[in-house]
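> Sequence and predicted structure, then a few things I'm wondering about:
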2 protein chains.
Amino acid sequence: MSSTALLTDRYELTMVQAALRSGAGHRRAVFEVFARRLPKGRRYGVVAGTARLLDAIADFRFDGDDLEWLVAEGIVDEPTARWLANFRFTGNIDGYAEGDVFFPGSPILVVESSFAEAVLLETLVLSILNHDCAVAAAASRMTLAAGDRPCLEMGGRRTHEHAAVAAARAAYLAGFAATSNLEAGRRYGIPTVGTSAHAFTLVHDSEEAAFRAQLTALGTATTLLVDTYDVPTAVRTAIRLAGAELGAVRIDSGDLVTEARAVRAQLDELGATKTRIIVTGDLDEYAIAALSAAPVDGYGVGTAVVTGSGAPTANLVYKLVARAGESGCWRAVQKASPGKIGHGGRKWAFRRFDRRGIAEAEVIWSEAAPDHYRGGERPPLDDAHRPLLVPLIRDGEIVGREPLDAARRRHREVRNTLPPAALHLQPGDPALPTVFAHEPPNR
Amino acid sequence: MSSTALLTDRYELTMVQAALRSGAGHRRAVFEVFARRLPKGRRYGVVAGTARLLDAIADFRFDGDDLEWLVAEGIVDEPTARWLANFRFTGNIDGYAEGDVFFPGSPILVVESSFAEAVLLETLVLSILNHDCAVAAAASRMTLAAGDRPCLEMGGRRTHEHAAVAAARAAYLAGFAATSNLEAGRRYGIPTVGTSAHAFTLVHDSEEAAFRAQLTALGTATTLLVDTYDVPTAVRTAIRLAGAELGAVRIDSGDLVTEARAVRAQLDELGATKTRIIVTGDLDEYAIAALSAAPVDGYGVGTAVVTGSGAPTANLVYKLVARAGESGCWRAVQKASPGKIGHGGRKWAFRRFDRRGIAEAEVIWSEAAPDHYRGGERPPLDDAHRPLLVPLIRDGEIVGREPLDAARRRHREVRNTLPPAALHLQPGDPALPTVFAHEPPNR
């Protein structure tokens, strides 16, 4: 993978330059990533993008061309360029495990290093997490609405060509079964799907010729698209050519509830009782829920999932919350922000559970004056509180890599521990209250 | 640049395989890109991404690794893989010039080649155009609202890290003055901006120490961020340290109208009459318009511009509209789409102007039975009709490259020819009616 070092905002580099000059660039600092609020009406956020971020941080090195351009443009001076040339992140990063859920104020990523190293990562961290968390949150609502039926991500054409690959990954993490995106299939091992579009039928002399061509090339387990002309005619032709072994038909237009019922009846009448029905066409979580009583076997989702279903970014911010002074003593810091949630100090995050194992609250313990702060330590716990931060990078080395399927499994498990209100599609408050504490929860 | 060949949907490849097998893959075909509707209430769309698309098509080649993976996964068979190995696009592409505006039904891209070649490009074409057009359309509304004041794109952290680079480009094309994104600066020559964030102030022992550090490193022409603690105190400190030569101050919170007025009065009182005021913080076109009477010298825009200000994708589709049969005769085709705009046949597009040079209508002439169709020809015109399609690719060779500034200039000029309703921010109908004609406009 090529360098990610210029995927950042100019001010990260001008801050590095000014802070190296003043000496503050070498101070130890803690930055945290959190959302002040969830998108309107959402019950929970979903952590996604962590593994992509770890790779991007490893690739965040300035090469000679980068540096030459930065100096020629007057963005940084020569001493700063020399510092950047040697840059690699040497600090510690903890974060919520990928696939976990989060709530307003949850410190989903905690970066601890020199100020200069940590500030440099701000834009990259936020770009990746804001995008991937937004898609995963929408996808999670869709897989909830779909229940046991598979959701298929098909939205790559509705978003930036590289965002599409990340979106497919985030959707899979949140329970989607497959993607149409081939690069996502190759890069992340996600199952891929897709057979044909209306153009394929239209380029042939007849629908029958098109179906015959597809069955010859792809076999009878394929999915035939039946709404190019007249649906009942297409279904009849499909079964006549493929027999009852036809894998599936796809319906992409019309009132999908009505269409699915009619097609199911027709397929059954033709003896194709195992042939599945896939529906596509501007589906979102509400449309999926509305189809729950219809005889549908899978949902192809496009625009809504890759654009976060109304919330294309996750509102995550990256804030300095603590830093050491010249003496080495830590100090909690925060901007004066009327009306904004902001809590200075390094945070520890826990989820509190009731005796049945249902989550009750997100407990954030803030070290207001963390003179005794040590990276990686956390207070002891009672059984009711599960710690949420896991180590991702230690002294610059990635320690938090895991297979995508682990994050996917975690998301399903964590979602099952949320209270019933979390599973409501309609707008409402966050499913868990965020409780800010000044003492660790078990003291 | 690396291959873009897997940035596509699986079904493009399965269609190629089936169509090569049936023979239909070799038929000449015309696909068109258009939007059935603009995002709700929008007055016009903006064509953006064309130059990125031309590069991506040039890079759309399958390498050995791609093909090995595709065969191993069972996505294509060996004969198809051999065809893909030799693939390069050899057809013709025309399109609306980048920076031009468009309306429902406008054929902003017309791809003419064999079916197999053209269908292969669908996902890539749509990803790039849907993303870039969405950002440019939002950006254009913002630069309209801002009038002569510069808009600065700062939203990279709110979108996918690579989408951020394309978003900066699309915003610049639509009149933004600069971007915070360094990769966009390097890749596209867009001016970059940015100086410091709140963290920079917070990591220093005092605001004064931070300002001093920034002025030392970046000079007095820099922009100081004045809302970390108390704004009037910060402004006083800033001018005390920098003098009246201070370039600008930035305000990122509070009621920006009130804050800007107070800061302007204070700066003037301190003699810093030339020091500019930049405002940032969740701005969109409406917030920019609301600040028009406030003493503001520039707008930093983040989330709203990179996410299309409520419309993160441009609703563009890629449809087969004509194809040759075995005899070589062309035939208009279209899916049966109740309730959807769809017009078979190859289109020619014109904009009709009144005598004052104000646009009146988007005239789309459709060749319903284009037996006499020849790629690149277009009917003769009268003076009132400006043709909108320009050649982009001829026989696989890119002929439509132009500097980004040409597209940027074009957008400003074209926007000036739109009727007054186009410039209204409030929701309404498209500014021009789309007129579908079966005769060329001057016959």
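Perfect, thanks for sending it. Residues are numbered from 1 along each chain as shown, chains lettered A, B, ... in the order given.

> so how far is A:Thr222 from A:Ala116?
56 Å (C-beta to C-beta, to the nearest Å). Any C-beta I mention is one placed from the backbone N, CA and C, and that applies to glycine too.

> Those residues of the stretch 251-400 of chain A touching chain B, which are they?
In this structure, the stretch 251-400 of chain A approaches chain B at residues A:253-254, A:303, A:306-308, A:312-313, A:318-320, A:323, A:325-326, A:333-338, A:340, judged by C-beta under 8 Å from any C-beta of the partner chain.

> Can you flag the buried ones in those?
Among those, those buried by neighbour count (16 or more other C-beta atoms under 10 Å in any protein chain shown) are A:253-254, A:303, A:306-308, A:312-313, A:318-320, A:323, A:333-335, A:337.

> from these, which has minimum pLDDT?
Here the lowest pLDDT out of those sits on A:Ser337, with 70.

> which residues sit in contact with that residue?
B:Ser253 (C-beta atoms under 8 Å, 6 or more residues apart in numbering or on different chains).

> In space, what's closest to A:Gln119 - neighbours in sequence excluded?
Careful, residue A:119 is Val and not Gln. Residue nearest to A:Val119 in three dimensions, not counting chain neighbours: A:Met15, with 5.3 Å by C-beta to C-beta, 6 or more residues apart in numbering or on different chains.

> burial count for the one you found?
Neighbour count for A:Met15, taken as other C-beta atoms under 10 Å in any protein chain shown: 30.

> isn't it right up against B:Phe200?
Yes. Judged on C-beta atoms under 8 Å, A:Met15 makes contact with B:Phe200 at a distance of 4.7 Å.

> Which residues are in contact with each of these two?
Common neighbours of A:Met15 and B:Phe200 (C-beta under 8 Å, 6+ apart) are A:Val119.

> What spatial separation is found between A:Trp69 and chain B?
A:Trp69 sits 5 Å away from chain B, going by C-beta to the nearest C-beta, to the nearest Å.

> re earlier: and A:Ala116 and A:Thr222? Which one has more around it.
A:Ala116 (24 against 19).

> I figured the more buried one hits A:His26, correct?
Yes. The pair A:Ala116 / A:His26 is scored as a contact, 7.0 Å apart, by C-beta under 8 Å.

> Residues in contact with both of the two, list them for me.
Between them, A:Ala116 and A:His26 share the contacting residues A:Leu20, judged by C-beta under 8 Å, 6+ apart.

> In three-state terms, label A:Val435 for me.
strand (DSSP: H, G, I helix; E, B strand; the rest coil).

> For it, which residues are in contact?
Contacts of A:Val435 (C-beta under 8 Å, 6+ apart): A:Ala361, A:Glu362, A:Val363, A:Ile364.

> A:Ser140 contacts A:Asn416, correct?
No. A:Ser140 lies out of contact with A:Asn416 (C-beta under 8 Å); the separation is 11.9 Å.

> Which of these two has more residues huddled nearby?
A:Ser140 (29 against 11).

> Just give the nearest non-adjacent residue to that one, would you?
Ranked by C-beta to C-beta, 6+ apart and with sequence neighbours excluded, the top spatial neighbour of A:Ser140 is A:Ala174, at 4.1 Å.
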